[in-house]
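1. what follows is a predicted structure for the sequence shown.
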Amino acid sequence: MFLDTFLRRHRLTPGDLAAAVSEHLAPAGDEACYVTGSLVEGLGNGRSDIDVYLVTDRDLSDRLLSGKVAILPLGNAALDLEVLSRARVETLLDRLEQFPSDQARDHRISALAFSQPELKFLHNLAIGTPLVNERAHRELVSHVDARALARILFDYSLAWADTLHTDLLGLLEDRDHASARYLVATFAGHVAAMFLAATGNTNPAEKWRVRKLAALAQSGADERLPGGRDLASTAAAFESLCVSGEANGPAVRTQFARMLRLAYAVIPWAQRRFLSGEPLAPKRDGERRALPGRDGGSAGAQEILRPLTLGCRIRYADGAYTLTDADTPIVLTFNELAYELLLQFDGTITTRDAVHRLAAITDAPPADVAGSVRDFQLVLESRGLTQLLAGGDPV
Amino acid sequence: MTKQDERPVQQEAAQRGREILETVKRLIRETGDKDGPASLIAAGKIREVAQTYQLAIDCYVEALRADPKNGEAKARLAIAYLKSGAVAKGLAVIADLAEQQPKFKFQDISGRPASVQTVLGDAHRDDGNLPEAKRAYTAALELQPDDMRSAVFLAQIHADEGNLEQAAELAERMAGGPELEQFRATVRLMSTDATVLPSLDVIRGGPRFVTAEC
């Protein structure tokens, strides 16, 4: 629900809103005052609050709770007024400028550089609509680099995903499957957040992730990710993974492995997108040569490519992809075609299908591609980077 | 993977199991048939197969007490230290033997050719000193061209350093075997045309190629 619908439903007008704010805070001519939040983003509902921010140098603490906020009734709705000092906002914007979106950096640094309320404020500023003093608002918004903000959200979730990955391996070793099942869902949330950030989302709130994924799934965005899945079906895949299975070893490992496979496609793709300065808005298909989708053919007598072990991570940096393993100090560095090939090692794709799919994105003869597939199989298996298939269900 | 696909894995494991069984039977005979240090060395090897490295070390120390110049006991003591993760101790022991008997040759537990230089190469590799490991493996191959372990690891160091031609040359000299195929696959992926085919740029750290125990 958007703000205008909300106001109509509550028998209010934009004028009522502006009058209430003016009466309580009396914004001066050079002060940015804007309405923002879920109702401006179209995510609100009938019970949402109306969020209004004022950026000022004046001391308004006598009118505010804890010197920062006021909660006022507006008809039968609630108006949340939040006041921030101009100096504080300028400092925050200066800090944001220090983290450009295409900067090669340790993601843990930017993950720790901003608090969640600060990220929420920056997002709300970027999407806000001025109530008064449009010029003052525009001047502030011009300093919010939405792409840089999306990158910080990506870095934050990557830091969490790395930590949770290690925690999950430990819990599985300890056979604490109930805790592991819970953490797989948290891990999935961070992979989804990275996916959304790489498509331009700057809203850090967890509560809107599912809604944002659903919107992307319904958007029909057909830009293909590495591995062949398109943006819309990737978004839909997160939704189907939210349902947790049994709290036993095989079920939790299966869920974790499925989420890891999504992470293998999403994280390096997103890293490349940010670092190379690509637009974050979903592109139309056909702009690059992408792996075709799966043909769903039966395996027959063909050998199935074993899935990577649960300790594997794939990342992109400095124009190359790397695979590391939590259990050994191994580092494999490889090109983009090899990355596409590694994504085929998921326990369901046959060698023949992998060759067929890779041949669609390269000019090399299929026989040479088949040789590369066999060689990668041998290297990954001999280095202990693939796992045997458990029964009929690939994990 | 189908049941049928799993057969090669099981067959390979069964074959390796038979080899281990035969080796252990031979070592058991040697512990009874031989006297003094030779018997203790055979007992130490059994302990190594069982991966009880401290007990193996005790056997080799005892063998060296009986015969301080026994090269095989000293080489195996170094190997047991390396297997147990005590790299510094293993390196010290094998460096000492290499100084005293730089051309000492012996057979590994499975009967394949090895030398003091092979173990010195392993110790330097585990210590992270690749230039010294390369020097030792080269010396080992000069002593015994059929020293497969030294050839595999030397080729791997060359490949890791980007010297693919030297690595491939060594690979061609090797006899067949699973480790050779794994190595050749790596070299092919590192030297392929990266503009049109999947390629590997670097492999660092991690488990080495699957090789038989020294």
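-> Yes, it's here.

2. which stretches of chain B form helices?
-> For chain B, helices defined by DSSP state H occupy the ranges B:3-33, B:36-49, B:53-66, B:71-83, B:87-100, B:116-126, B:130-143, B:148-160, B:164-173, B:178-191.

3. redo those as CSV? Include mean neighbour count and mean pLDDT.
-> Placement of C-beta: from N, CA and C, glycine included. Formatted as CSV, the helices of chain B follow (neighbours: other CB atoms under 10 Å in any protein chain shown; pLDDT from 0 to 100):
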stretch, mean neighbour count, mean pLDDT
helix B:3-33, 12, 74
helix B:36-49, 21, 91
helix B:53-66, 19, 94
helix B:71-83, 25, 95
helix B:87-100, 18, 96
helix B:116-126, 26, 95
helix B:130-143, 19, 95
helix B:148-160, 24, 86
helix B:164-173, 16, 79
helix B:178-191, 21, 80
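
4. could you dump the ones you listed to a markdown table with distance to chain A?
-> Formatted as a markdown table, the helices of chain B follow (distance: least, CB to the nearest CB, whole Å):
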| stretch | distance to chain A |
| --- | --- |
| helix B:3-33 | 6 |
| helix B:36-49 | 21 |
| helix B:53-66 | 20 |
| helix B:71-83 | 17 |
| helix B:87-100 | 14 |
| helix B:116-126 | 12 |
| helix B:130-143 | 14 |
| helix B:148-160 | 11 |
| helix B:164-173 | 13 |
| helix B:178-191 | 4 |
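
5. how about the strands in chain A?
-> A:32-36, A:50-56, A:69-74, A:77-85, A:129-132, A:312-317, A:320-325, A:328-334 (DSSP state E).

6. one step back: so which of the helices of chain B comes closest to residue A:233?
-> Closest to residue A:233 of these is helix B:3-33 (CB to CB; 29.1 Å).

7. which outside residues touch stretch A:6-21?
-> By CB atoms under 8 Å, 6 or more residues apart in numbering or on different chains, the residues outside stretch A:6-21 that reach it are A:1, A:4, A:27, A:33, A:35, A:39, A:44, A:46, A:48, A:50, A:52, A:54, A:72, A:74-77, A:79, A:81, A:131-132.

8. return the set of buried residues in that stretch.
-> Of all the residues in stretch A:6-21, those buried under the rule 16 or more other CB atoms under 10 Å in any protein chain shown are A:6-7, A:12, A:16-18, A:20-21.

9. ends of that stretch, how far apart?
-> 17 Å (CA to CA, to the nearest Å).

10. for that stretch, what is the average pLDDT?
-> Mean per-residue pLDDT for stretch A:6-21: 94.

11. equivalent analysis for stretch A:373-388, please.
-> The average pLDDT for stretch A:373-388 rounds to 89.

12. ok, is it in contact with chain B or not?
-> Yes: Stretch A:373-388 is in contact with chain B by CB under 8 Å from any CB of the partner chain, via A:373-376, A:378-379, A:382-384, A:388.

13. just stretch A:338-349 next, same as before
-> Yes: judged by CB under 8 Å from any CB, stretch A:338-349 and chain B are in contact via A:338, A:340-341.

14. and the residue of the stretch 101-250 of chain A found nearest chain B, what is it in contact with?
-> Proximity to chain B, evaluated over the stretch 101-250 of chain A using CB to the nearest CB, is greatest for residue A:226 at 12.5 Å. Neighbouring residues of residue A:226 by CB under 8 Å, 6+ apart: A:265, A:268-269, A:291, A:336, A:339-340, A:343.
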